[in-house]
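Participant: Compute the structure for the input listed below.
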Amino acid sequence: MRSLKDALPGTLRGLGIARRTREAQALLLWAEVVGEPLASETEALQLRGSTLWVRTSSAPLAHQLHIEKPRLLQLLNDRIGATAVRDIRFRQGMPGR
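Facilitator: Residues are numbered from 1 along each chain as shown. All right, here's what the predicted structure looks like:
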């Protein structure tokens, strides 16, 4: 008997919703990956293709996150359980909360 953890990915692919699930995971996990202080200054907007678009409160913060992009990609994909996010793009603008 397969565990739910093993059966779920195949079932989601079969239903055609695996991509939407990965997108939702990327958006929800963003705050966890960057931590509470940065989560309040950023907002994951959408996963378009394999690029995650994130709004930041300032240009210096966008630059800092750009420098940390390899680590952020690794953390996101590890938590998602697949290489769903291959790039992160940052836009300056006040996150809508």
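Participant: Any idea which helix or strand in the protein has the lowest mean pLDDT?
Facilitator: Among the helical and strand segments of the chain, the one scoring lowest on mean pLDDT, DSSP states H and E is helix 4-15, with a mean of 66.
Participant: what's the neighbour count on Gln74?
Facilitator: Using other C-beta atoms under 10 Å, Gln74 has 13 other residues around it. All C-beta atoms are positioned from the backbone trio N, CA, C, and that covers glycine.
Participant: Mind telling me what element it is part of?
Facilitator: Element membership of Gln74 [criterion: DSSP states H and E] is helix 69-80.
Participant: Give the rounded mean pLDDT of whatever helix or strand comes next after that helix.
Facilitator: The helix or strand immediately downstream of helix 69-80 is strand 87-92, counting by DSSP H and E. For strand 87-92, mean pLDDT rounds to 95.
Participant: same question, stretch 56-72
Facilitator: 96.
Participant: then it to CSV, C-alphas only?
Facilitator: Extracted as CSV, the C-alpha positions of stretch 56-72 are listed here (Å, rounded to 0.1, in the frame of the first residue of the first chain):
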residue,chain,number,x,y,z
THR,A,56,9.4,44.4,-2.5
SER,A,57,9.0,47.6,-0.4
SER,A,58,12.3,49.1,-1.6
ALA,A,59,15.0,48.8,-4.3
PRO,A,60,17.7,48.0,-1.7
LEU,A,61,15.6,45.1,-0.4
ALA,A,62,15.1,43.9,-4.0
HIS,A,63,18.8,44.0,-4.5
GLN,A,64,19.5,42.1,-1.3
LEU,A,65,17.0,39.4,-2.2
HIS,A,66,18.5,39.2,-5.7
ILE,A,67,21.9,38.4,-4.0
GLU,A,68,20.2,35.7,-1.9
LYS,A,69,18.3,34.3,-4.9
PRO,A,70,20.2,30.9,-5.2
ARG,A,71,19.5,30.2,-1.5
LEU,A,72,15.9,31.3,-1.8
